[in-house]
Structure formats: C-alpha cells, structure tokens
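Chemist: The amino acid sequence is not available; the structure is as follows:
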C-alpha cells in the first residue's frame with residue numbers, strides 16, 4: 001500500500017538548499033529535499049521527488065529531538081500505516097518527526113533510496129538551529145524494508161563536507177539513534193528476496209549483496225539501536241534482527257531488543273513494543289518524560 005495523503009498526492013514545497021535560514025515549520029507541511037532535481041531524478045511526479053512531511057509536537061512539549069521516519073513496502077511502496085501515524089506518535093511524545101518519501105522500484109534502485117535518507121538526515125541537521133532542534137539528537141526509524149534503509153543509513157553514513165557549495169552537505173548524515181521495526185537486514189539468504197530485487201536487482205553481485213547486508217557493516221561508531229521483531233514473522237525472519245543485534249553486541253554498540261511472539265509482519269504501531277521504545281527514548285533524553293509512554 002502506497003503512502004497516500006498529502007505526502008504522496010499533495011502540493012510539495014520547493015526548498016532552497018542554498019538558503020541560510022529555513023522557513024518556520026508548519027504541521028504536516030511537505031518539503032522537497034533538493035531545490036531542483038534530486039540526483040538521478042527521472043521525472044517530476046510526486047513519486048520522483050524526495051520529500052519530508054513534518055509532524056510537530058504540541059506547543060511547549062518539544063524536547064528538541066527529531067526523527068526521520070522510513071515506511072516499509074519492500075522498496076516498491078510506502079506503507080500508509082507506517083508513515084503519518086508514526087509521525088504523529090513521535091510528535092505526541094515531544095519529538096519532531098519527518099516522514100520520508102523516498103524513491104522506489106521499479107523506476108529507482110540503489111543508490112536512490114539511500115541518497116534520499118542521507119539527504120533527509122543532513123537536511124534536518126543543517127536547519128536544526130532555525131527549527132530549534134538539537135543537531136546531536138537526530139534519529140531515524142524504519143519498518144521492514146524501511147528498516148533496511150534505516151540500518152543502511154546508520155552503517156553507510158557520509159561525513160560532513162565543509163567545502164561543499166551546498167550547506168546541507170556541510171553536515172554529517174550519521175543518525176544519532178536508529179529504531180528498526182521488523183527490519184530487513186541481510187540482502188543474502190534469510191532476508192527478503194523482493195526487497196533485495198527491488199533495491200539491487202535480481203542479478204546483484206556478491207559484493208553488492210555483502211555491502212548491503214548490514215549485519216556485516218556494523219562498527220563501534222554505529223549509533224545505538226532499538227529493535228523489535230516477532231519470532232512469528234514469516235515474511236522477514238527474526239534472524240535478520242538476531243544477526244544485527246549480535247553484530248551490535250560484538251562492536252560494543254548499545255541496543256535494546258524486543259523479541260518474542262509479537263504477531264505477524266507489518267503490524268505497525270503496537271503496544272507490544274511502543275511503550276518500551278518510548279521509555280528507551282526518554283532514557284536518552286529524546287522523548288518527553290511528562291508524557292506517558294504509549
């Protein structure tokens with residue numbers, strides 16, 4: 001199911017990447033991530049234009065933390081129940097959220113989705129002063145294939161380029177936290193064939209499969225993580241998250257893992273994991289402690 005509502009169908013707002021100040025954010029507004037065409041952009045429909053949709057905390061409740069949200073959909077769609085509702089959930093807990101519209105197969109393959117996710121993190125960080133956000137408290141969350149994109153952003157980030165003509169590229173794309181909900185992690189056996197084919201193609205080389213099997217890309221500098229995965233998941237096996245948490249542990253990266261009989265794949269926001277996630281975010285000063293975890 002594709003992400004509809006304004007994010008897919010509404011009017012997008014062009015944004016000047018070279019501007020030194022950002023406009024005041026408005027709830028549910030949509031902002032294009034590049035002032036003109038994105039790298040490799042093939043057309044000018046909403047699906048071709050990477051953008052973020054803004055979800056603001058209630059007045060006086062913002063913590064200064066923010067999250068980019070990556071809906072799932074096998075790299076071929078954007079799941080409605082993993083987009084705007086997640087942005088509102090973050091906002092209700094004091095976190096400014098930016099739901100990402102990233103480019104999809106069959107028109108787009110790697111590197112387009114990662115380019116869009118990296119740009120979203122850099123975009124928020126580059127305008128953090130204008131938006132009263134903390135540039136050191138920017139996270140990224142993803143579901144399913146969006147979880148793969150999230151773990152890729154967390155393990156394949158780009159350092160700041162202080163000499164770039166584009167001020168967005170003068171800051172790092174490294175997220176400060178990652179949240180992975182029933183994520184695809186490996187591009188090899190035990191992953192999700194459809195996501196792999198949509199991202200890398202059916203004839204992807206072993207080198208590309210290994211490069212984007214993110215359990216192999218964790219280092220001591222990978223950001224802390226929260227994961228949820230059901231042992232009953234028949235679409236994306238729990239072994240994906242098991243392998244990733246094992247890699248995090250080996251690298252000394254802090255993580256919290258909610259694992260058990262938590263339903264089938266694609267459940268979205270559920271009380272089986274959201275209270276634990278908010279408590280984790282509260283412990284890291286991301287979420288508002290005055291709000292009951294939900």
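Modeler: Cool, the structure landed. Worth saying up front: this structure is predicted, and the values here are computed from it rather than measured.
Chemist: State the next helix or strand along the chain beyond the longest helix anywhere in the chain.
Modeler: For the chain, the longest helix by residue count, based on DSSP state H, is helix 112-126. Elements were assigned by DSSP states H and E; along the chain past helix 112-126, the next helix or strand is strand 138-143.
Chemist: Give me the contacts around the longest helix of the chain.
Modeler: With contact meaning C-beta atoms under 8 Å, 6 or more residues apart in numbering, helix 112-126 is reached by 31, 33-34, 38-40, 50, 52, 66, 68, 70, 75, 98, 100-104, 131, 133, 135, 138, 140, 149-150, 152-153, 156-158, 167-175, 199. Using the backbone N, CA and C atoms, a C-beta is placed for each residue, glycine as well.
Chemist: likewise stretch 263-276?
Modeler: Outside stretch 263-276, the residues that touch it by C-beta under 8 Å, 6+ apart are 72, 79, 81-82, 85-86, 89, 143-144, 181-182, 226, 228, 230, 232-236, 256, 258, 262, 293-294.
Chemist: Buried members of those residues into ChimeraX, please.
Modeler: To isolate the buried ones among the contacts of stretch 263-276 in ChimeraX, judged by 16 or more other C-beta atoms under 10 Å, type:
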select :72,79,81,82,86,89,143,144,181,182,226,228,230,233,236,256,258,262,293
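Chemist: Which ones among the contacts of stretch 263-276 map onto strands?
Modeler: Those of the contacts of stretch 263-276 mapping onto strands are 143, 181, 226, 228, 230, 256, 258, per DSSP state E.
Chemist: Check those and tell me the two furthest apart.
Modeler: Largest separation among those by C-beta to C-beta: 143 and 256, giving 16.9 Å.
Chemist: And the helices in the stretch 1-150 of the chain, which stretches?
Modeler: Using DSSP state H, counting those that start in this stretch, the helices of the stretch 1-150 of the chain run over residues 5-9, 84-92, 112-126, 145-155.
Chemist: Can you tell me which of the ones you listed is nearest to residue 280?
Modeler: The nearest among those, by C-beta to C-beta, is helix 84-92 at 13.3 Å.
Chemist: That closest one to helix 145-155, inter-axis angle?
Modeler: 50 degrees (axes from the mean of the first three to the mean of the last three C-alpha atoms, to 10 degrees).
Chemist: what's the angle between helix 84-92 and strand 138-143?
Modeler: Going by the same axes, to 10 degrees, helix 84-92 is angled at 150 degrees with respect to strand 138-143.
Chemist: packing partners for helix 84-92?
Modeler: Counting contacts by 3 or more C-beta pairs under 8 Å, 6 or more residues apart in numbering; DSSP states H and E, helix 84-92 is packed against strand 51-55, strand 66-70, strand 96-101.
Chemist: Run the angle between it and strand 51-55 for me.
Modeler: Using the same axes, to 10 degrees: helix 84-92 against strand 51-55 is 50 degrees.
Chemist: So what's the model's average confidence on helix 84-92?
Modeler: The average of the pLDDT scores along helix 84-92 is 98.
Chemist: go on, stretch 211-219?
Modeler: pLDDT averaged over stretch 211-219 gives 98.
Chemist: quick one: buried residues of it?
Modeler: Residues 211, 212, 213, 214, 215, 216, 217, 218 are the ones in stretch 211-219 that count as buried (16+ other C-beta under 10 Å).
Chemist: Name the nearest of those relative to residue 204.
Modeler: residue 212 (8.5 Å).
Chemist: ok, back up a step: return the closest of the buried residues of stretch 211-219 with respect to residue 252.
Modeler: Closest approach between these and residue 252, by C-beta to C-beta: residue 218, at 10.0 Å.
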